[in-house]
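Novice: build me a structure from this.
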Amino acid sequence: MDFDGGKRVFNRLGPPQQQSDNRNQKVCYHWRAGNCNRFPCPFLHRELSAPANGTASSKRPYGFATDDQRSTTARRGGGSNFNGPSSWGRGGGRGGNAINNNNNSNRGIVVKKTEKICNFWVQGNCSYGDKCRYLHSWCTGSCFAMLTQLEGHQKVVSGIALPAGSDKLYTGSKDETVRVWDCQSGQCAGVINLGGEVGCMLSEGPWMFVGLPNLVKVYSLVVGNDLLFAGTQDGNILAWKFNAVTNCFEPAASLQGHTSAVVTLVVGANRLYSGSMDKSIRVWNLENLQCLQTMTEHTSVVMSVLCWDQFLLSCSLDKTIKVWAATDSGNLEVTYTHNEEHGLLTLCGMHDLESKPVLLCSCNDNSVRAYDLPSFAERGKIFAKQEIRSIHGGPNIFFTGDGTGEVKVWQWLADQTATPA
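Specialist: Numbers count the residues shown, from 1 in each chain. As a prediction, the model looks like this:
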């Protein structure tokens, strides 16, 4: 029999407790990790017993606390003990920031809201009420408010159109449908099944254009100089011209230059501007359809371009909004860059009730920022369950469509901070 081997095992377990040296009453770190190779090891190869007086150790693995400890100890995200004045915890609520209420010292504390939607409130079961540190509202600021919510789409809303003079709102989705909504009742007046994902939508005169993934996937549509332009997945911009005799659109040209999908188009000042996944913006002459300039200042996908007065605005997944202005040579140069914390998805410009220009900018953190132009002073934020991919302005109202398929209708409010005359 291997008596020596058994002796080695015995010695590695350490001597009996009553014979151990107090200087070595430490558990071997390597033994805990399962790889101690010292023989004999000067440290214990077993866990320490509880103290003789029966009190529990103050060290709790992984920050867990007992029920008694939870009732008397403030929590700061990891079970940290609260020592000193109550400088934190003013926003008591979920997420480990609750303060104890064993006395009356916390009366009158103002809950500081975090700019994040309460997930429990969204589900209709937040028990904190007004004391919740998270928002129980779909927006911040006082310049707009939600009128209603239109439900029916099952996937991301990729296009919104409100034809001029019409009492119907049209929304397209990746669920392969276009829904028609009655603007008076807010009810769905019809569903059009298209058999393909809606990539984009455009209303122009009596026409409603819908981009579908047929032979070529269309990401963006715009009309200019009596031509319909479509930005496609392969990087080309297709142009069609309306034929009044045949009452249909016929192919007119193909604008080539981008090396990846063209995801945004806008027309202004007799120019066509295109933004692409190749990180560039191209400027095209609407008369001869020639490329006049290529701008490469963005470092990621150019998601949206917008013409505003004599300026061009662009946003990108590189977390910036760039403002472009023409130089004496006629070329566009960046005159201002606004930085955000998150990637940017779409831009929409409109006026509030006081006719002040406002820029709505969708971010990939499921929010929309509202900025005054040209100062970029923030007016408020809009929140959603998923990314907002579509924003469309109307008379005194605007619409947002998110990744869950929900369409929200927003109303502009009078400026509460304006000084009365």
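Novice: low-confidence ranges, the stretch 201-350 of the chain, go.
Specialist: For the stretch 201-350 of the chain, applying pLDDT under 70 flags the ranges 215.
Novice: pLDDT at residue 359, what is it?
Specialist: Note for residue 359: predicted pLDDT of 95.
Novice: that one: neighbour count?
Specialist: The criterion is other C-beta atoms under 10 Å. On that basis, residue 359 has 22 neighbouring residues. Where C-beta positions appear, they are placed from N, C-alpha and C, glycine not excepted.
Novice: repeat for residue 373
Specialist: Using other C-beta under 10 Å as the criterion, residue 373 is surrounded by 17 other residues.
Novice: let me see the contact set for it.
Specialist: Counting by C-beta atoms under 8 Å, 6 or more residues apart in numbering, residue 373 touches 308, 349, 357, 358, 359.
Novice: for it, give its distance to residue 321.
Specialist: The gap separating residue 373 from residue 321 is 11 Å, by C-beta to C-beta, to the nearest Å.
Novice: find residues that contact each of these two.
Specialist: Residues touching both residue 373 and residue 321 (C-beta under 8 Å, 6+ apart) are residue 359.
Novice: show me where this protein has helices.
Specialist: Remark: helices assigned in the chain by DSSP state H are 3-13, 29-33, 67-72, 119-122.
Novice: check these for me: which has the lowest mean pLDDT.
Specialist: Averaging pLDDT over each of the helices of the chain singles out helix 67-72 as the lowest, with a mean of 34.
Novice: how about residues contacting stretch 210-230?
Specialist: With C-beta under 8 Å, 6+ apart, stretch 210-230 has contacts from 159, 172, 178, 194, 196-202, 204, 209, 231-234, 236-242, 249, 252-253, 255, 261-267, 270, 272, 286-287.
Novice: please apply the same query to stretch 404-414.
Specialist: Under the contact criterion C-beta under 8 Å, 6+ apart, stretch 404-414 has outside partners 138-139, 142-157, 160, 171, 173, 175, 181, 186, 352-354, 382, 384-386, 396-402.
Novice: list buried members of the contacts of stretch 210-230 by neighbour count.
Specialist: Neighbour-count burial (16 or more other C-beta atoms under 10 Å) is assigned, among the contacts of stretch 210-230, to 159, 172, 178, 197-202, 209, 231-233, 236-240, 242, 255, 261-267, 272, 286.
Novice: just the ones of the contacts of stretch 210-230 in strands?
Specialist: Mapping the contacts of stretch 210-230 onto strands (DSSP state E) picks out 159, 172, 178, 200-202, 204, 209, 231-232, 237-242, 249, 252-253, 255, 262-267, 272.
Novice: may I ask which two of the contacts of residue 373 are separated the most?
Specialist: When C-beta to C-beta is used, the two most widely separated members of the contacts of residue 373 are 308 and 358, lying 10.7 Å apart.
Novice: okay, and the common contacts of these two?
Specialist: Common neighbours of residue 308 and residue 358 (C-beta under 8 Å, 6+ apart) are 349, 373.
Novice: which of these two has more neighbours?
Specialist: The neighbour comparison of residue 308 against residue 358 (other C-beta under 10 Å) goes to residue 358, with 21 against 15.
Novice: bridging residues for that one?
Specialist: On DSSP bridges, the residues paired with residue 358 through beta bridges are residue 350, residue 372.
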